[in-house]
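1. give me coordinates for this.
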Amino acid sequence: MPDNLRSQAVTQGHARSPNRAMLRAVGFSDPDFVKPIVGVANGFSTITPCNMGLDILAKRAENGVREAGGMPQIFGTITISDGISMGTEGMKYSLVSREVIADSIETVCNGQSLDGVLAIGGCDKNMPGAMLAIARMNIPAIFVYGGTIKPGHLDGKDLTVVSAFEAVGEYSAGKIDEEQLLQVERHACPGAGSCGGMYTANTMSSAFEAMGMSLMYSSTMAAEDAEKADSTQKSAHVLVEAIRKQILPSQILTRKAFENAIAVIMAVGGSTNSVLHLLAIARAMGVPLTLDDFETIRGRVPVLCDLKPSGRYVATDLHKAGGIPQVMKMLLVHDLLHGDALTITGQTVAELLVDIPAEPPTGQDVIRPWDNPMYRQGHLAILKGNLASEGAVAKISGVKTPVIEGPARVFDSEEECLKAILDGKISAGDVVVVRYEGPKGGPGMREMLAPTSAIIGAGLGDKVGLITDGRFSGGTYGLVVGHVAPEAAVGGAIALVEEGDMITIDARDRKLQLNISDEELARRHANWQPRAPRYTKGVLAKYAKLVSSSSLGAVTDLDL
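-> A predicted model of the protein is given here:
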């Protein structure tokens, strides 16, 4: 089998002389036309610190591909900064960007007949976007994470961008003054890299390492450290070898790989967004995966790592303590990981972990010993009930009160909700409802980091519940329930809640209930009318037309 299995379509034969002429202009010479052509999907931009260092990594990937005997071709793809767009209309484009990234990588790789792709990304949607494309195309591929940001420091405390969001709530509640707020702002983000806690970017990078689509240890490296660039170059070598051996994503992204990823996400206390993204990637790969699978794995996997947002440490601390391989080895030893799952290296998970100790190193408490976990069960609970017949996702790490029953405070947009919180109009015992922010209704399923951080900053984190058909940032914690499905825009029960209705959020029994009679619920549903679309042209209008329920991953090609 030739190494240039796909690209020979544009490099071989007399009829392809014009094609080769174009390739000569970008640096090909006669011997290069039999080499595998490897795409380097570069998410570089100065829009966000998450991606500002990716161009350096792309150059190292390019060098690595050449050293390994391939021909690299770098192309760009987009990113949206969740942190910068958070709380604004622009955040509606965040989840949409996952599909744009996937479409763009698929378009280039298939349009140019590339033999494989090395995708480099930083911000939250770069990773699932790239993996969606990789699953659709099923060509040899590897993902390189741009790396995590180092923590900021102020008054002896580590800071992340979430510290700034929470400081806004503290300022509004009169707990800090304007100068303190400014100092947090100035120190929270010291340089390049993705948000530093176990938020969505670090969660997804950890998941992809667990799935075997990234190199071991690569998911927790700091963006600015030399080892990140070295790992990128090594990734290029591994990919070219995978092209020669035709190790395909379909051999790696199996049911076992997804179960491994979910187990690791539970063990590290990862983001709720991982549920949405893994459902979408599994669907693209043709692997059966449902919300119930997350609940099953949650029941048997403990939270082993003390990481922000609800914990104390950041991803660079996890890296120093042994990183994702240490967590994986602990899960493997206790029969909670599939050791026979294949990785992009050609080795199995168990083979890669053979030299890792069964227990974490002493002298650190980032990764807890097996007999002393943070929590005995995972932190991402799937709730169902008459408010979420298809399901909803609750992040229950750090929650002191797992059950809240209180009156609904209903808001039809994030902005309305945030204003009420900052104006002191939300009280202990309230259940805040933010609706018409789902995949179709937003459209785009905005994250609610600003409202949840304001609640935490106001000292109401253990006293207020919040439910939404939108999403939560990986930086969110507290008794919050997102991804409520069906969403309000399609007539889900969340659209029928009225101010003052009693709502029960029960994380122990995994229930989300609107406490009215079935007859009253049916009456309200009969009187409900869908709202006119918020957008009638452009990418958001197209997205709203195509997107599926969040319970299916909010994919855009479900019924095509």
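2. average pLDDT across stretch 201-214?
-> Stretch 201-214 carries an average pLDDT of 98.
3. can I get it in CSV, CA atoms only?
-> Written as CSV, here are the backbone C-alpha positions of stretch 201-214 (Å, rounded to 0.1, in the frame of the first residue of the first chain):
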residue,chain,number,x,y,z
ALA,A,201,-10.5,23.1,27.1
ASN,A,202,-8.4,21.1,29.6
THR,A,203,-11.3,18.6,30.0
MET,A,204,-11.4,17.9,26.3
SER,A,205,-7.7,17.7,25.9
SER,A,206,-7.7,15.2,28.8
ALA,A,207,-10.5,13.2,27.1
PHE,A,208,-8.6,13.0,23.8
GLU,A,209,-5.4,11.8,25.6
ALA,A,210,-7.5,9.1,27.3
MET,A,211,-9.0,8.1,24.0
GLY,A,212,-5.6,7.7,22.4
MET,A,213,-5.9,10.5,19.9
SER,A,214,-3.2,12.6,21.6
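4. and it, which residues are buried?
-> Neighbour-count burial for stretch 201-214 flags 201-214 (criterion: 16 or more other CB atoms under 10 Å). Yep, even glycine has a C-beta here, placed from its N, CA and C like the rest.
5. and the two most separated of those?
-> The distance between the two most remote of these (CB to CB) is 19.1 Å, for 201 and 212.
6. and the buried residues of stretch 201-214, which of them are in helices?
-> 201-211 (DSSP state H).
7. give me the phi and psi for residue 530.
-> Here is the backbone geometry of residue 530 (degrees, to the nearest 10): phi -60, psi 150.
8. could you list the low-pLDDT ranges of the stretch 101-250 of the chain?
-> Within the stretch 101-250 of the chain, no range satisfies pLDDT under 70.
9. just the strands in it please.
-> All strands of the stretch 101-250 of the chain, identified by DSSP state E, counting those that start in this stretch, fall at 116-121, 141-145, 152-154, 157-159.
10. need those in CSV with distance to residue 545 and mean neighbour count, can you?
-> Shown next, in CSV, are the strands of the stretch 101-250 of the chain (distance: least, CB to CB, whole Å; neighbours: other CB atoms under 10 Å):
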stretch, distance to residue 545, mean neighbour count
strand 116-121, 27, 29
strand 141-145, 29, 32
strand 152-154, 41, 16
strand 157-159, 41, 18
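11. same list (those) but as a markdown table, adding distance to residue 452.
-> A markdown table is the format used below for those (distance: least, CB to CB, whole Å):
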| stretch | distance to residue 452 |
| --- | --- |
| strand 116-121 | 25 |
| strand 141-145 | 25 |
| strand 152-154 | 20 |
| strand 157-159 | 18 |
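12. closest one to residue 530 among those strands?
-> That would be strand 116-121 among these, by CB to CB, at 35.6 Å.
13. most centrally placed residue in the chain?
-> Compute the mean C-alpha point of the chain, and by CA atoms, centre = their mean the closest residue is residue 200, 4.0 Å away.
14. not counting its neighbours along the chain, what's nearest that one?
-> Leaving aside its chain neighbours, residue 200 sits nearest to residue 474 (3.7 Å; criterion: CB to CB, 6 or more residues apart in numbering).
15. I figured that neighbour hits residue 203, correct?
-> Yes. Between residue 474 and residue 203 a contact is recorded at 5.7 Å, counting by CB atoms under 8 Å.
16. overlap in contacts, these two.
-> Common neighbours of residue 474 and residue 203 (criterion: CB atoms under 8 Å, 6 or more residues apart in numbering): 270-271, 273.
17. ok, so of these, who is nearest residue 190?
-> Taking CB to CB as the measure, residue 190 lies nearest residue 271 of the shared contacts of residue 474 and residue 203, at 22.0 Å.
18. hang on, the earlier thing: now tabulate the ones in helices among the buried residues of stretch 201-214 in JSON lines and tack on distance to residue 500.
-> Output for these, formatted as JSON lines (distance: CB to CB, whole Å):
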{"residue": "201", "distance to residue 500": "39"}
{"residue": "202", "distance to residue 500": "40"}
{"residue": "203", "distance to residue 500": "36"}
{"residue": "204", "distance to residue 500": "39"}
{"residue": "205", "distance to residue 500": "43"}
{"residue": "206", "distance to residue 500": "42"}
{"residue": "207", "distance to residue 500": "40"}
{"residue": "208", "distance to residue 500": "45"}
{"residue": "209", "distance to residue 500": "47"}
{"residue": "210", "distance to residue 500": "44"}
{"residue": "211", "distance to residue 500": "45"}
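19. what bits of this structure have low per-residue confidence?
-> Within the chain, no stretch has pLDDT under 70.
20. now the strands: where do they sit in it?
-> All strands of the chain, identified by DSSP state E, fall at 37-42, 71-76, 116-121, 141-145, 152-154, 157-159, 380-385, 388-395, 403-411, 431-434, 465-468, 480-485, 502-506, 511-514.
21. what is the fifth one packed up against?
-> Judged by 3 or more CB pairs under 8 Å, 6 or more residues apart in numbering; DSSP states H and E, strand 152-154 is in contact with strand 157-159, helix 178-187.
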